[in-house]
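**Q** Have a look at this prediction, sequence included:
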Amino acid sequence: MSPYEKEHIHERDIFMTNLSDTPDRFGLVSRVFHWSMAVLFALQFLSAAAHWALPRANPLRETLWSYHANLGMTLFMLVLLRGAWGLLNLGKRPADAGLMGQAAKAGHIALYVFMVIVPAVRIIAAAGGARGLSYFGISVFPVREAAIAWTQAVAEWHGEMGWILAAVVLGHIVMATVWHRFIQRDDVLKRMM
């Protein structure tokens with residue numbers, strides 16, 4: 001093997017190491033998923049809060065709410081992709097030991113469960129609903145003449161579960177900033193930066 005080939009292989013290995021997770025740090029792909037989803041979740045919760053708190057005729061409420069379904073579908077796809085990426089990197093990811101490590105693991109499982117279930121019940125409702133579903137103007141589920149009752153029943157909890165997800169996300173933020181950054185003063189937050 002020539003020196004050029006060895007150097008090229010070494011550069012490729014460094015690039016792949018930066019993309020993938022390591023025991024010391026989350027890789028570029030995980031960090032991009034994490035922070036882009038954080039921004040989109042902030043917008044999603046803002047749209048839901050405006051829909052709940054502002055009067056019906058309020059233009060801000062209507063503008064923010066008009067993006068809610070598209071944001072939800074985007075987040076759902078990102079959650080599935082991020083989950084698959086996380087499973088591929090499961091053995092390489094940074095780990096926390098002890099009771100707090102187990103609590104962190106349980107918190108992350110709760111996050112993923114709600115990040116999947118909250119949009120899934122709404123998508124099921126749209127699949128069987130009379131209004132259908134489009135994603136940025138592309139029809140995903142066509143309009144039906146009549147809704148399928150059981151699909152509408154599962155969506156009854158969408159809003160409540162969304163607020164539970166918001167509380168779990170807030171807990172995640174508090175643990176990362178208050179507990180790890182200010183109380184423990186460890187490098188947990190740096191692993192995702």
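**A** Received it, and whenever you're ready, just let me know what you need. Computed from a predicted model, the values in this text were never measured in an experiment. Numbers count the residues shown, from 1 in each chain.

**Q** Now do the phi/psi pair for S20.
**A** The phi/psi pair for S20 (degrees, to the nearest 10) reads phi -90, psi 160.

**Q** In this structure it contacts F26, no?
**A** No. Judged on CB atoms under 8 Å, S20 makes no contact with F26 at a distance of 9.3 Å. Yep, even glycine has a C-beta here, placed from its N, CA and C like the rest.

**Q** any weak-confidence spans in this protein?
**A** 1-17 (pLDDT under 70).

**Q** By residue count, tell me the biggest helix in this protein.
**A** In terms of residue count, the longest helix belonging to the chain (DSSP state H) is helix 98-127.

**Q** Okay, now the sheet partners of the helix or strand following that one, with direction.
**A** Counting by DSSP states H and E, the next helix or strand C-terminal to helix 98-127 is strand 133-135. Sheet pairing of strand 133-135 (DSSP bridges) gives strand 138-141 (antiparallel).

**Q** Can you list the buried residues in the partner strand?
**A** For strand 138-141, the neighbour count (16 or more other CB atoms under 10 Å) marks F141 as buried.

**Q** I'd like the next helix or strand past that strand.
**A** helix 149-154.

**Q** what inclination does the very next helix or strand once past that following helix have with respect to helix 98-127?
**A** Proceeding N to C from helix 149-154, the next assigned helix or strand is helix 158-174, under DSSP H and E. If you take axes from the mean of the first three to the mean of the last three CA atoms, to 10 degrees, helix 158-174 sits at 150 degrees to helix 98-127.

**Q** Let's see helix 158-174 as PDB, backbone CA atoms only.
**A** Presented in PDB, the C-alpha positions along helix 158-174 are these (Å, rounded to 0.1, in the frame of the first residue of the first chain):
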ATOM      1  CA  HIS A 158     -52.600  13.500  21.400                       C
ATOM      2  CA  GLY A 159     -52.700  16.900  23.100                       C
ATOM      3  CA  GLU A 160     -52.400  15.600  26.700                       C
ATOM      4  CA  MET A 161     -49.500  13.300  25.700                       C
ATOM      5  CA  GLY A 162     -47.900  16.200  23.900                       C
ATOM      6  CA  TRP A 163     -47.800  18.200  27.100                       C
ATOM      7  CA  ILE A 164     -46.400  15.200  29.000                       C
ATOM      8  CA  LEU A 165     -43.700  15.100  26.300                       C
ATOM      9  CA  ALA A 166     -43.100  18.800  26.900                       C
ATOM     10  CA  ALA A 167     -42.700  18.100  30.600                       C
ATOM     11  CA  VAL A 168     -40.200  15.300  29.900                       C
ATOM     12  CA  VAL A 169     -38.300  17.500  27.500                       C
ATOM     13  CA  LEU A 170     -38.200  20.200  30.200                       C
ATOM     14  CA  GLY A 171     -36.900  17.600  32.700                       C
ATOM     15  CA  HIS A 172     -34.200  16.600  30.200                       C
ATOM     16  CA  ILE A 173     -33.100  20.300  29.800                       C
ATOM     17  CA  VAL A 174     -33.100  20.800  33.600                       C
END
